[in-house]
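J.: Provide a 3D model corresponding to the input given below.
(one chain, ligands or ions: 1)
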Amino acid sequence: MDINDLKKRILIYTGMDLNYYNPNMLRRRLKSLLAKKGMTTIDEYWAVIRKDYNELRRFLDYVTINVTQFYRDPKKFMYFKDSIMPVILHKEPLPQIWSCACSSGEEPYTLAIILEELLVDKSVRILATDIDSDAIRAASEGIYKPPALENVHDTMLHKYFTPKGESYKVKQVLRDRVDIKFFNLISDNYKVNFYDLIICRNVIIHFAREVKDSLFKNFNVSLKTGGFLFLGGSEKMLIPDKFGFKHWKYELYQKVANITEKSVIKKVNVGL
Ligand SMILES: C[S@@+](CC[C@H](N)C(=O)[O-])C[C@H]1O[C@@H](n2cnc3c(N)ncnc32)[C@H](O)[C@@H]1O
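T.: So this is what the prediction gives:
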């Protein structure tokens with residue numbers, strides 16, 4: 001069996017289509033996983049994961065990679081707080097915010113801290129979504145170990161977290177700001193002309209090139225004109241104009257024009 005056969009089987013078994021992910025990344029990750037397990041062929045690995053659902057879940061988690069942290073890239077979040085949030089908050093009605101590959105919740109809770117610090121009306125909430133059910137569960141629990149919190153200053157730690165053994169649990173004031181749901185960026189329906197901010201960091205990098213382009217188009221359609229897209233450090237949009245965006249600073253882009261291609265979203269305006 002080769003990697004393409006494995007992808008086909010996983011698609012049949014789980015509905016997850018790994019063809020959308022960067023093939024080199026998949027190959028590297030699979031190779032290192034086999035080495036760790038002392039296996040030499042994909043057949044051996046398939047024999048394990050087809051019988052053991054937990055192992056299959058671990059494999060999918062490994063290839064979709066849910067590493068994250070509070071204030072991942074602190075200086076970018078500081079710029080975002082000081083320069084972009086005021087623009088977003090200036091708008092009427094109250095802004096709609098979507099953290100769309102939120103992993104175990106560190107990113108949307110970072111946004112919640114920022115909203116609290118800026119004294120933003122409590123009705124402004126963050127929709128936090130991910131494809132990984134374990135990550136969604138962890139985000140709902142909101143309990144984090146110290147490494148996830150290393151960019152959170154002590155004063156903030158005491159203000160927004162309660163110690164729980166060696167970990168810290170987000171206080172209700174943050175939990176109340178975040179709605180956590182499942183959403184597959186590849187196959188689910190995007191809301192149209194709805195969001196003022198979409199934060200989608202450190203996931204696009206794992207997708208194949210043509211998937212990246214169609215996601216940028218989907219984000220354009222899903223944002224209101226003037227809304228912002230916040231990408232991860234290695235996810236620069238090379239030609240923002242092509243997708244109706246203007247570059248601000250770092251990986252922050254503002255939607256300045258509508259993309260008109262009909263093919264962008266197949267099923268519109270339902271979804272979340
Ligand atoms: C590296 S984490 C990024 C977490 C956070 N955005 C950050 O930058 O710290 C990538 C997340 O993307 C999620 N993901 C992968 N494929 C996805 C898809 N098709 N739809 C939605 N989320 C996906 C993974 O489950 C994982 O939680």
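
J.: what parts of the chain come near the ligand?
T.: Contact residues (CB under 6 Å from any ligand atom) of the chain with the ligand: 64-68, 72, 101-103, 107, 130-132, 135, 184-186, 201-203, 232. The C-beta positions use only the backbone N, C-alpha and C, and glycine is treated the same way.

J.: which of those fall within strands?
T.: residue 130 (DSSP state E).

J.: just checking, residue 129 touches residue 105?
T.: No: using CB atoms under 8 Å, residue 129 makes no contact with residue 105, being 10.9 Å away.

J.: these two: which has the busier surroundings?
T.: Each of residue 129 and residue 105 has its neighbours counted (other CB atoms under 10 Å); residue 105 has more, 31 against 22.

J.: returning to what we had before: so for residue 129 and residue 105, which residues contact both of them?
T.: residue 180 (CB atoms under 8 Å, 6 or more residues apart in numbering).

J.: and the least confident helix or strand in the chain by mean pLDDT, what's buried?
T.: Here the helix or strand of the chain ranked lowest by mean pLDDT, DSSP states H and E is helix 53-64, holding a mean of 83. Residues of helix 53-64 classed as buried: 56, 59, 60, 63, 64 (neighbour count, 16 or more other CB atoms under 10 Å).

J.: could you point out which element follows it?
T.: helix 74-79 (DSSP states H and E).

J.: now do stretch 74-84: distance to the chain's middle.
T.: 18 Å (CA atoms, centre = their mean, to the nearest Å).

J.: just the terminal-to-terminal distance for that stretch.
T.: With CA to CA, to the nearest Å as the measure, the ends of stretch 74-84 fall 14 Å from one another.

J.: contacts for it next, please.
T.: Applying CB under 8 Å, 6+ apart, the contact partners of stretch 74-84 are 71, 110, 114, 117-118, 151, 197, 228, 230, 233, 248-252.

J.: end-to-end on stretch 183-195?
T.: In stretch 183-195, first residue to last residue: 15 Å (CA to CA).

J.: buried stuff in that stretch?
T.: Buried-residue list, stretch 183-195, by 16+ other CB under 10 Å: 183, 185, 186, 188, 189, 190, 191, 192, 194, 195.

J.: of the residues you listed, closest to the ligand?
T.: Lowest distance from the ligand to the buried residues of stretch 183-195 (CB to the nearest ligand atom) belongs to residue 185, with 3.6 Å.

J.: for the stretch 101-250 of the chain, what spans make up the helices?
T.: Along the stretch 101-250 of the chain, the segments classed as helices by DSSP state H, counting those that start in this stretch run 106-117, 133-141, 154-160, 172-175, 209-222.
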